[in-house]
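**Student:** Need the 3D shape of this:
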Amino acid sequence: MRTRVFPSGFWFGASTAAYQVEGAWKEDGKGLSIWDEAAHRNPTPIMDSSTGDVAANSYHLYKEDVQITADLGLDFYIFSISWPRILPNGFTDQINKKGVKYYHSIMDNLLLHNIEPMVTMYHWDLPTELQRIGGWTNPIIVDLFVDYAKLLFETYGEKVKYWITINGPKEICVGGYGTAAKAPMMNMSGIAEYLCTKNLLLAHAKTYHVYQDLYRKEYNGFIGIAISFVWYEPASETEDDHQAAIDARMFDWGQYAHPIFAKGGNFPREVKTNIATKSADQGYSQSRLPELTSSEVALIQGSADFLGVNSYTTKLAYRDASFDGSYMVPSYMDDMGAVLIKNISWPQSATSSIQEVPEGFFDLLMELKTIYENPTIFITENGWSTAGGLVDNDRIQYLRRYIIALHDALEEGADIRGYSVRSLYDGFEWLYGYT
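**Tutor:** Numbering: from 1, shown residues only. Next up, the predicted model:
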């Protein structure tokens with residue numbers, strides 16, 4: 001095996017998310033989030049009936065966490081700020097000074113060890129008060145998010161040069177509003193996730209432009225968004241399967257990345273056409289996908305300095321008569337019109353959704369290079385789950401092969417600046433709890 005050398009200035013890091021690791025769920029003035037609410041439901045939706053009340057206790061052990069990061073020799077650390085820890089009710093009329101101080105302490109400790117903080121503004125833990133008024137389906141969320149972002153810029157701008165506005169648009173919108181896979185578990189597929197998508201894109205874009213107009217000259221930082229990318233391959237050589245794979249990509253991640261990174265902006269043609277056609281056939285007076293006006297398209301297009309890529313696996317997509325009637329109508333999956341399956345020959349992790357397919361990771365990075373004209377990329381999440389504890393040779397193999405695929409993409413000219421493994425340490429894994 002040949003020796004591979006990464007370019008000077010390439011960063012290696014690790015990532016976490018506030019609800020998964022902080023604990024201290026109602027200490028020091030923190031408000032409740034939709035994940036606090038979900039984990040305390042009776043009956044619980046969490047597989048092992050656990051909560052994130054304590055999690056990895058990072059709120060109290062953050063100095064040890066930073067020391068671990070330093071001992072690993074990492075260049076950067078991705079962590080998220082809990083919106084309700086800063087603004088307990090989601091609005092700027094109440095600012096929690098102890099929450100503000102906590103994140104200052106993390107940043108100061110990271111910088112003391114020459115570790116770059118890459119800070120996510122929103123990683124799924126919406127204040128419950130904002131969900132009571134519709135959360136991400138209510139257009140008012142756009143300006144509320146911008147208000148929150150401005151507070152973060154003004155408070156931490158001197159210490160943070162890399163900001164991620166939002167992590168995981170699909171998980172937020174499809175998981176949280178279209179289905180019950182994530183909080184707030186609204187389960188209104190075919191409608192709610194698309195309302196969420198438009199508002200989320202506008203919140204991101206307006207935040208970018210606020211930074212550009214008011215803060216960039218002073219702080220000289222960078223604004224990005226982290227999107228989850230699964231690579232979809234056609235299950236066969238048929239034209240139907242080829243188109244199914246394209247549609248799967250455009251629904252899965254194109255509807256979030258295209259408006260920002262594609263040359264013409266707007267939602268992908270496949271997404272607009274599929275939803276409009278099905279909406280008309282189903283008797284709706286207009287498409288269930290909210291239209292982006294020309295001014296909104298212009299606002300969103302180009303509103304990122306980098307693309308955060310969360311990527312773990314590859315799947316197969318097919319389309320034939322056998323899947324007709326398989327999905328609820330209306331629904332996100334029916335709109336996509338593809339069946340997504342695994343290849344049983346690919347190595348399987350302890351998580352059913354993750355298989356080891358490094359060639360798919362390479363193909364994804366090459367596709368992003370092509371369709372988005374070689375954007376600056378950070379790999380913000382990549383990792384492997386194992387049931388073996390410290391006996392994790394399968395994880396070592398996965399990480400080695402995916403990092404090799406990343407290096408191959410670099411050699412092909414992809415503008416990738418850093419790689420972050422998920423996760424720095426064990427945490428609360430959403431509906432899976434600690435299983």
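
**Student:** Just to check, residue 328 is in contact with residue 335?
**Tutor:** No - counting by C-beta atoms under 8 Å, residue 328 stays clear of residue 335, with 10.8 Å between them. (C-beta placed from N, C-alpha, C; glycine too.)

**Student:** any common contacting residues for those two?
**Tutor:** Counting by C-beta atoms under 8 Å, 6 or more residues apart in numbering, the common neighbours of residue 328 and residue 335 are residue 190.

**Student:** neighbour-wise, which of these two wins?
**Tutor:** Legend: neighbour count by other C-beta atoms under 10 Å for residue 328 and residue 335, higher for residue 335 (26 against 12).

**Student:** doesn't that one fall inside a helix?
**Tutor:** Yes - under DSSP: H, G, I helix; E, B strand; the rest coil, residue 335 falls within a helix.

**Student:** got a list of what residue 423 touches?
**Tutor:** 14-16, 20-21, 383.

**Student:** Out of those residues, which is nearest to residue 97?
**Tutor:** residue 21 (21.9 Å; C-beta to C-beta).

**Student:** Would you check that that closest one makes contact with residue 125?
**Tutor:** No - if you go by C-beta under 8 Å, residue 21 and residue 125 don't touch, sitting 11.5 Å apart.

**Student:** Next, find the distance separating the most centrally placed residue in the chain from residue 80.
**Tutor:** Closest to where the C-alpha atoms of the chain average out (C-alpha atoms, centre = their mean) is residue 168, at 2.0 Å. Using C-beta to C-beta, to the nearest Å, we find residue 168 at a distance of 11 Å from residue 80.

**Student:** Go ahead and confirm residue 363 touches residue 230.
**Tutor:** No - Residue 363 is beyond contact range of residue 230, at 11.5 Å (criterion: C-beta under 8 Å).

**Student:** Which neighbours do these two have in common?
**Tutor:** residue 314.

**Student:** Return the residues in contact with residue 21.
**Tutor:** Applying C-beta under 8 Å, 6+ apart, we find residue 21 in contact with 55-56, 58, 65, 423, 425, 427-428.

**Student:** what two of the residues you listed have the greatest distance between them?
**Tutor:** 65 and 428 (15.0 Å).

**Student:** Report the buried residues of stretch 347-366.
**Tutor:** By neighbour count with 16 or more other C-beta atoms under 10 Å, stretch 347-366 contains the buried residues 348-349, 351, 354-358, 360-365.

**Student:** and if you look at stretch 399-408?
**Tutor:** Result for stretch 399-408 [16+ other C-beta under 10 Å]: buried residues 399, 401-408.

**Student:** which one of the residues you listed sits closest to residue 296?
**Tutor:** residue 406 (33.7 Å).

**Student:** Which strand or helix spans that closest one?
**Tutor:** Taking DSSP states H and E as the criterion, residue 406 maps to helix 393-411.

**Student:** In terms of secondary structure, what does that helix contact?
**Tutor:** Contacting helix 393-411 under the criterion 3 or more C-beta pairs under 8 Å, 6 or more residues apart in numbering; DSSP states H and E are the following elements: helix 358-371, strand 416-422.

**Student:** Could you rerun that using 6 Å?
**Tutor:** Helices and strands touching helix 393-411, by 3 or more C-beta pairs under 6 Å, 6 or more residues apart in numbering; DSSP states H and E, are helix 358-371.

**Student:** what packs against the helix it packs on?
**Tutor:** strand 231-234, helix 393-411.

**Student:** For the helix or strand that it is followed by, name the packing helices and strands.
**Tutor:** Sequence-wise, the next helix or strand downstream of helix 358-371 (DSSP H and E) is strand 377-381. Counting contacts by 3+ C-beta pairs under 6 Å, 6+ apart, strand 377-381 packs against strand 306-310, strand 416-422.

**Student:** now the last one against helix 393-411, angle please.
**Tutor:** What that stands for is strand 416-422. Angle between the axes of strand 416-422 and helix 393-411 is 170 degrees (criterion: axes from the mean of the first three to the mean of the last three C-alpha atoms, to 10 degrees).

**Student:** okay, how far is it across stretch 249-264, tip to tip?
**Tutor:** Start and end residues of stretch 249-264 are separated by 18 Å (C-alpha to C-alpha, to the nearest Å).

**Student:** circling back: whichever of the contacts of residue 21 end up buried, select them in ChimeraX.
**Tutor:** ChimeraX command restricting the contacts of residue 21 to the buried ones, with burial defined by 16+ other C-beta under 10 Å:
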select :55,56,58,65,423,427,428
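
**Student:** pLDDT added to the contacts of residue 21, as a markdown table?
**Tutor:** Converted to a markdown table, the contacts of residue 21 look like this (pLDDT from 0 to 100):
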| residue | pLDDT |
| --- | --- |
| 55 | 98 |
| 56 | 97 |
| 58 | 98 |
| 65 | 97 |
| 423 | 91 |
| 425 | 87 |
| 427 | 92 |
| 428 | 95 |
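
**Student:** In helices, which of the contacts of residue 21 fall?
**Tutor:** For those, membership in helices holds for 58, 65, with DSSP state H as the criterion.

**Student:** Looking at the contacts of residue 21, spot the one nearest residue 434.
**Tutor:** Among the contacts of residue 21, and counting by C-beta to C-beta, the member closest to residue 434 is residue 428, at 6.6 Å.

**Student:** on that earlier part again, quick one: which of the buried residues of stretch 347-366 has the lowest pLDDT value?
**Tutor:** pLDDT across the buried residues of stretch 347-366 is at its lowest for residue 351, which sits at 93.

**Student:** so it, which of the three states?
**Tutor:** Criterion first, three-state DSSP; result for residue 351: coil.

**Student:** distance of the closest residue to it other than its chain neighbours from residue 226?
**Tutor:** Closest residue in space to residue 351, ignoring its immediate chain neighbours: residue 385 at 4.2 Å, by C-beta to C-beta, 6 or more residues apart in numbering. Distance, residue 385 to residue 226, by C-beta to C-beta: 19 Å.

**Student:** With residue 106 instead?
**Tutor:** 19 Å.

**Student:** For the two, indicate the residue with more neighbours.
**Tutor:** The neighbour comparison of residue 106 against residue 226 (other C-beta under 10 Å) goes to residue 226, with 27 against 21.

**Student:** Not counting its neighbours along the chain, what's nearest the more buried one?
**Tutor:** residue 308 (3.1 Å).

**Student:** these two touch, right, that neighbour and residue 378?
**Tutor:** Yes - using C-beta atoms under 6 Å, residue 308 is in contact with residue 378, at 5.4 Å.

**Student:** Who has more neighbours out of the two?
**Tutor:** residue 308 (28 against 24).

**Student:** Please determine how far the more buried one is located from residue 55.
**Tutor:** Distance from residue 308 to residue 55, by C-beta to C-beta: 23 Å.

**Student:** Ok, residue 346 next?
**Tutor:** Distance of residue 346 to residue 55, given as C-beta to C-beta: 31 Å.
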